[in-house]
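K.L.:
Mind looking at a prediction? Sequence and model below.
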Amino acid sequence: MARSESRRRILGALQGPWLRPAILLIALVVLWDVAIRLFHIPAYQVPAPTDVIITLYREWPMLLSEAVPTTTATVCGFLLSAAFGIPMAMLIASSKTVESYVYPLLVFSQSIPKVAIAPLFVVWFGFGIFPKVISAFLLGFFPVVVSAVQGFKSVDPDLIDLARSMEAKGMQTFRMVSLPFAMPAIFAGLKVSVTLAVVGAVVGEFVGSNSGIGFVLQRSIGNFELPTMFAALVVLAMIGMILFWIIDAVERLAIPWHASQRHDFVVAV
């Protein structure tokens, strides 16, 4: 009994939400190191994992300070995406006329590379955080709109008719039926948006900034400091991952009743 109980505990630990990604990450790092040794890849092409880890340890204060402006621009751009994207989706979903005018323009705007127009933001708004915020906003705006439109259009018409039959007003119907029904799709768009906002902030730092992780990446590439570049990429991935987890935690608090969250409650019981 004791042996089976210990085996059950080990299997339960291996199913933890944090342990499985950590095991996969360690496996990828080991494969990375093996590939460098096996194929004799020179350090000026791909650095060894140990060099990246040492650089992370030595340059961590610098990387952490440079992560602050990048995170600030990302969060500001993401909040703007949510603040403008969700109301825009409500208009598109509620009016065929607005959809016919606005939706094709939104799709057309996504075919324009943001790297190509990012220098214009520096010309228009100068150096500083504002061009990075605009760049993050543009990359994060479209996923919010598309997902939210899909969510609002997926509301069951019978539920709306039921609310109207109970003499619910327009705002009450929206608050009690349309918005809760669309929340899972909205959060799905927000998760995509926050990761793309990180990319947008870095794009803004590439074209016009003297601070941030994008600036570190640009400087490292120019000086062939590949360990520093890879360390900056690790920090950038951590920023996106932390922001994604924050949105996921907010989703769990906002819609605990949704089917995507029920599994956790079953496990907890």
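P.N.:
The structure has been received and is ready for your questions. Residues are numbered from 1 along each chain as shown.
K.L.:
C-alpha only now, for contacts and for neighbours.
P.N.:
Fine.
K.L.:
Could you look up the SS state of I41?
P.N.:
With DSSP: H, G, I helix; E, B strand; the rest coil as the basis, I41 sits in coil.
K.L.:
just for the stretch 101-250 of the chain, where's the confidence low?
P.N.:
Within the stretch 101-250 of the chain, the ranges that satisfy pLDDT under 70 run 158-165, 167-173, 175.
K.L.:
where exactly do the helices run in it?
P.N.:
For the stretch 101-250 of the chain, the helices defined by DSSP state H, counting those that start in this stretch cover 114-125, 129-153, 157-165, 170-173, 179-207, 213-222, 226-254.
K.L.:
Could you export these to CSV, including columns for mean neighbour count?
P.N.:
Below are the helices of the stretch 101-250 of the chain laid out as CSV (neighbours: other Cα atoms under 10 Å):
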stretch, mean neighbour count
helix 114-125, 15
helix 129-153, 26
helix 157-165, 13
helix 170-173, 13
helix 179-207, 24
helix 213-222, 20
helix 226-254, 17
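K.L.:
Kindly reformat these as TSV containing distance to L24.
P.N.:
Formatted as TSV, these follow (distance: least, Cα to Cα, whole Å):
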stretch	distance to L24
helix 114-125	32
helix 129-153	28
helix 157-165	44
helix 170-173	45
helix 179-207	21
helix 213-222	25
helix 226-254	15
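K.L.:
Which among those helices is found nearest to W60?
P.N.:
Set against W60 and scored by Cα to Cα, the helices of the stretch 101-250 of the chain come closest in helix 226-254, at 8.9 Å.
K.L.:
helices or strands next to the closest one in the packing?
P.N.:
On a contact count with 3 or more Cα pairs under 8 Å, 6 or more residues apart in numbering; DSSP states H and E, helix 226-254 meets helix 49-58, helix 60-94, helix 179-207, helix 213-222.
K.L.:
Output those in CSV, with distance to A43 appended to each entry.
P.N.:
Output for those, formatted as CSV (distance: least, Cα to Cα, whole Å):
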stretch, distance to A43
helix 49-58, 9
helix 60-94, 21
helix 179-207, 24
helix 213-222, 14
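K.L.:
among those helices, which is nearest I129?
P.N.:
helix 60-94 (6.4 Å).
K.L.:
and the closest one, how far out from the chain's middle?
P.N.:
Put simply, helix 60-94 sits 9 Å off its chain's centre (Cα atoms, centre = their mean, to the nearest Å).
K.L.:
Also stretch 218-234?
P.N.:
22 Å.
K.L.:
Ok, stretch 87-104 next?
P.N.:
With Cα atoms, centre = their mean, you get 25 Å for stretch 87-104.
K.L.:
Report the buried residues of it.
P.N.:
Using 16 or more other Cα atoms under 10 Å as the test for burial, stretch 87-104 gives M88, A89, M90, L91, I92, A93, E99, Y103.
K.L.:
Tell me how far the fifth one lies from F152.
P.N.:
I92 sits 9 Å away from F152, going by Cα to Cα, to the nearest Å.
K.L.:
now do the fourth one
P.N.:
Separation of L91 from F152 (Cα to Cα) stands at 10 Å.
K.L.:
is it true that P47 touches M229?
P.N.:
No - taking Cα atoms under 8 Å as the definition, P47 is not a contact partner of M229, at 9.7 Å.
K.L.:
ok now do I41, which residues does it touch?
P.N.:
A35 (Cα atoms under 8 Å, 6 or more residues apart in numbering).
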